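> predicted model follows, preceded by the sequence.
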Amino acid sequence: MNDNIVEILMVEDTEADAELAMRALRKRGFANHLVWVKDGAEALEFIFATGAHAGRNVENRPKVVLLDLRLPKVSGVEVLRRLKDDPRTRSIPVVVLTSSKEEVDLEECYKLGVNSYISKPVEFDEFAKVVGELGLYWLLVNKLPSV
Amino acid sequence: MEAPARPVDTRLPEGVGLAALVDVAALQALMESIHRITGIANAIIDVDGVVIAHAGWQSLCMKFHRAHPAALRRCIESDTSLAVSMTRGERFAVYRCLNGLVDTAAPIVVDGRHLANVFTGQFFVEPPDMDFFRHQAAELGYDEAPYLEAVAQVPVISEAQVEAITAMYAQLAHMLASAGLDRLRQMAAERDLEAANHGLEARRRELEAANRELEEFSYSMSHDMRTPLRAIDGFARLLEEEHAAQLDAEGMRLLGVVRSNAVRMGCLIDDILRFLRVARQRMACEEVDMARLAREACDEIRTGVPERRIRMEIGALPPARGDREMLRRVFLNLLSNAVKFSPPGRETLIEVGGEAKEGENAYFVRDHGVGFDMKYVDKLFRVFERVHRTGQFEGSAVGLAIVKRIVARHGGRVWAEGKEGEGATFHFALPRGESVT
């Protein structure tokens, strides 16, 4: 795991949502280099190669972080803030994928520099379509600066 | 059954004496008028010794007796003694003051409490004994000449006159007492009203807080319910897609039922959230061209149902003051209902109109569709209540509840009329020239 490239870091604490998302991505072939963490603390540990992920190569940055807001230990907003604060991780695209439609969450995330904010559709077909399009866009269409 | 009237509490509040219960300035003027007629001194002094009004006090009393400590003590003793005889319930008393003059007094009793006395006096009932006063001057250390001059100024009144004047003052005292009692009752009623208002205000705040709490709760619950719903729909779909081989037609049908119900529940949740959002939104307050808003809403509805032939007749609508987006939502919901409840086969006629009425502007949306039974008119605007069979007409059951909420936030009201088979008219009125919340 240490040197495997990671393309998608999915930060999602609801197992059902994670499974549905991963299936949708897998169907389109985007799940080959997907890492799934279940809380905000582990997300930060993974990105910054600390704690449980201490041995990881920090330069091995994901192409996109799919971030839920409702997370245990460290909230999604806090993870977003830490990622955008640090110059080493600022350029990693963060896509918030949340059940919340609250204006205040939306505003807060954009203030912190989120790259995209998406409300999870309730209907699965819609959800699968959105997740698939996300994978397509951020992994294939969007360009990132070289390391 | 009416609640028994609560007895009015006419207890005098702390520090309230006769002065608080009567018009002191008018009383003073009255006492001066009476003095001008009678030529005799008068005063209204409350039981604490405070002079409320007075006129014509003899300089003998003011400059000499009351200015001298020993003589003053005698004045106070006389006042008190006179006052005491008043507390014994006598209508009036006549008294020879210790300094040699005559006084009379009548009590002012309000609601059983002795609050003050009307005094008249500082006169002689027979020509003064100058020897007595010369002796007094010497005893008190006064200059004899000015003292005796002051004595000479004191009027001499006959017994008959004394009686008449005293009777008048007794009547005056009685009238003052009545006026005092009325004022006491009024003050008590005002206190009760203020207390009641405070109570109401506190209760209103409590209710508002409880309401807000309930809405917050509903909102976050509804939100949270979407996640398991997504799982239900999603995994049913996965079953359909990935295990179709193990399922027969019936199995697939059952899964279909699971999925469609999940979707339906999602719509219900969305409806609840939409409804609750109306209460939480901040409301703008601006001039709104209602005719233009109605036209725009009509266009929007029409684009949603291109297969329908819809004729909208929009009359002259008076402008309104409020939140444009919210009012747009009102028109959209009413028009959407009008279309929904009109048979699709033929041309649908919808009329929109309005007029300025007394203190409010009233608007309506009328259709000629299935209408409704007037006996269910009260249920129309409630959340999720239906007056037609479920499944008969598509769509959310919160549209009208949202209309009612928005109009209520503007301080207005809604009502409706309908006839089965002939159509329905939905009215809403917005107050004119008032601020909205």
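Looks like it arrived, so ask away.
> so A:F127 is in contact with A:R23, correct?
No - taking contacts as Cβ atoms under 8 Å, A:F127 lies outside contact range of A:R23: 10.4 Å. Every C-beta, even on glycine, is put in place using the N, C-alpha and C of the backbone.
> how is the spatially closest residue to B:L276 that is not a sequence neighbour assigned, secondary-structure-wise?
Among residues not flanking B:L276 along the chain, B:Y219 sits closest, at 4.9 Å (Cβ to Cβ, 6 or more residues apart in numbering or on different chains). Classification of B:Y219 using DSSP: H, G, I helix; E, B strand; the rest coil returns helix.
> quick one: contacts for B:Y219?
B:273, B:276-277, B:280 (Cβ atoms under 8 Å, 6 or more residues apart in numbering or on different chains).
> highest neighbour count among the residues you listed?
B:L276 (22 neighbours; other Cβ atoms under 10 Å in any protein chain shown).
> which strand or helix spans that residue?
helix B:249-280 (DSSP states H and E).
> buried stuff in the following helix or strand past that helix?
Where DSSP H and E defines the elements, the next helix or strand beyond helix B:249-280 is strand B:286-288. For strand B:286-288, burial by neighbour count (16 or more other Cβ atoms under 10 Å in any protein chain shown) applies to B:V288.
> quick one: list the elements packing against strand B:286-288.
For strand B:286-288, the contact count by 3 or more Cβ pairs under 8 Å, 6 or more residues apart in numbering or on different chains; DSSP states H and E identifies strand B:320-322, helix B:324-340 as packing neighbours.
> given it, what are its sheet partners and their directions?
If you go by DSSP bridges, strand B:286-288 pairs up with strand B:320-322 (antiparallel).
> what's the mean pLDDT across the strand it pairs with?
The pLDDT scores in strand B:320-322 average 92.
> for stretch B:380-399, same thing?
Stretch B:380-399 comes out at a mean pLDDT of 68.
> can you list the residues of chain A near chain B?
A:14, A:16-17, A:20, A:23, A:99-101, A:120-125, A:127-128 (Cβ under 8 Å from any Cβ of the partner chain).
> what subset of the residues you listed is buried?
A:14, A:17, A:20, A:23, A:99-100, A:120-124, A:127-128.
> between those residues, which sits nearest B:G266?
Minimum separation from B:G266 among those (Cβ to Cβ) is found for A:V122, which lies at 4.1 Å.
> can I get the CA coordinates of the least confident helix or strand in chain A by mean pLDDT in CSV?
Ranked by mean pLDDT, DSSP states H and E, the weakest helix or strand in chain A is helix A:103-112, scoring a mean of 89. In CSV, the C-alpha atoms belonging to helix A:103-112 read as follows (Å, rounded to 0.1, in the frame of the first residue of the first chain):
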residue,chain,number,x,y,z
GLU,A,103,-26.6,26.8,2.7
VAL,A,104,-24.3,27.4,5.6
ASP,A,105,-22.3,24.2,4.8
LEU,A,106,-22.1,25.2,1.2
GLU,A,107,-20.8,28.7,2.0
GLU,A,108,-18.4,27.5,4.5
CYS,A,109,-16.8,25.0,2.1
TYR,A,110,-16.4,27.5,-0.7
LYS,A,111,-14.9,30.0,1.7
LEU,A,112,-12.3,27.4,2.5
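> now, which of the contacts of B:Y219 sits nearest chain A?
Chain A has its nearest neighbour among these in B:L273, at 7.7 Å by Cβ to the nearest Cβ.
> pretty sure that closest one contacts B:S220?
No - taking contacts as Cβ under 8 Å, B:L273 lies outside contact range of B:S220: 10.1 Å.
> which non-adjacent residue is nearest residue 45?
Assuming you mean chain A. A:G51 (3.8 Å).
> actually it's chain B I care about, not the one you picked
B:V51 (5.2 Å).
> just give the number of residues close to the one you found.
Neighbour tally, B:V51, other Cβ under 10 Å: 13.
> what do you get for the one 3 residues further on?
Residues lying near B:H54 (other Cβ under 10 Å) number 17.
> who in chain B is up against chain A?
Near chain A, when you scan chain B using Cβ under 8 Å from any Cβ, you find B:223-224, B:226-231, B:233-238, B:262-263, B:266, B:269, B:273.
> the residues you listed in helices, which ones?
B:223-224, B:226-231, B:233-238, B:262-263, B:266, B:269, B:273 (DSSP state H).
> narrow those to those that are buried.
Of these, these count as buried by 16+ other Cβ under 10 Å: B:223, B:226, B:229-231, B:233-237, B:262-263, B:266, B:269, B:273.
> distance between the ends of stretch B:365-382?
18 Å (Cα to Cα, to the nearest Å).
> what's in contact with the strand or helix carrying B:G354?
Per DSSP H and E, B:G354 falls inside strand B:348-357. Strand B:348-357 is contacted from outside by B:290, B:294, B:298, B:308-318, B:331, B:335, B:338-339, B:342, B:361-369, B:429, B:432, using Cβ under 8 Å, 6+ apart.
> next one: stretch B:410-427
Contacts for stretch B:410-427 (Cβ under 8 Å, 6+ apart): B:320, B:322-323, B:326-327, B:334, B:337-338, B:341-342, B:360, B:362-374, B:377, B:380-381, B:400, B:403-404, B:407, B:428-431, B:434, B:436-437.
> quick one: buried ones out of those residues?
B:320, B:322-323, B:326-327, B:334, B:337-338, B:341-342, B:360, B:362-372, B:380-381, B:400, B:403-404, B:407, B:428-431, B:436.
> mind listing which of those are in strands?
Counting by DSSP state E, the part of the buried ones among the contacts of stretch B:410-427 found in strands is B:320, B:322, B:360, B:362-367, B:428-431.
> doesn't B:R237 make contact with B:A244?
No - using Cβ under 8 Å, B:A244 is not in contact with B:R237; the gap is 11.1 Å.
> so how far is A:K73 from A:G40?
5 Å (Cβ to Cβ, to the nearest Å).
> higher neighbour count, the two?
Neighbour comparison, A:G40 and A:K73: the larger count goes to A:G40, with 25 against 14 (by other Cβ under 10 Å).
> could you find the closest non-adjacent residue to the more buried one?
A:V74 (2.9 Å).
> so who does the one you found touch?
Here A:V74 is in contact with A:39-41, A:43-44 (criterion: Cβ under 8 Å, 6+ apart).
> of these, which pair is most distant in space?
Taking Cβ to Cβ, no two of these sit farther apart than A:D39 and A:L44, at 9.5 Å.
> and these two? Which one has more around it.
A:L44 (21 against 18).
> B:A202 falls within a strand, correct?
No - B:A202 is assigned helix when assessed by three-state DSSP, not a strand.
> any figure for the gap between it and B:E213?
17 Å.
> low-scoring stretches of the chain, by residue?
Here I'm looking at chain A. For chain A, the stretches with pLDDT under 70 are A:1-3, A:101, A:147.
> my question was about chain B
If you take pLDDT under 70 as the line, chain B has these spans: B:1-15, B:58-68, B:70-71, B:74-76, B:78-92, B:98-100, B:383-396, B:433-437.
> if we go to 50?
B:1-4, B:435-437 (pLDDT under 50).
> and the helices in it, which stretches?
Secondary structure of chain B (DSSP H): helices located at B:18-21, B:24-38, B:59, B:69-87, B:130-140, B:144-153, B:159-242, B:249-280, B:290-304, B:324-340, B:399-409.
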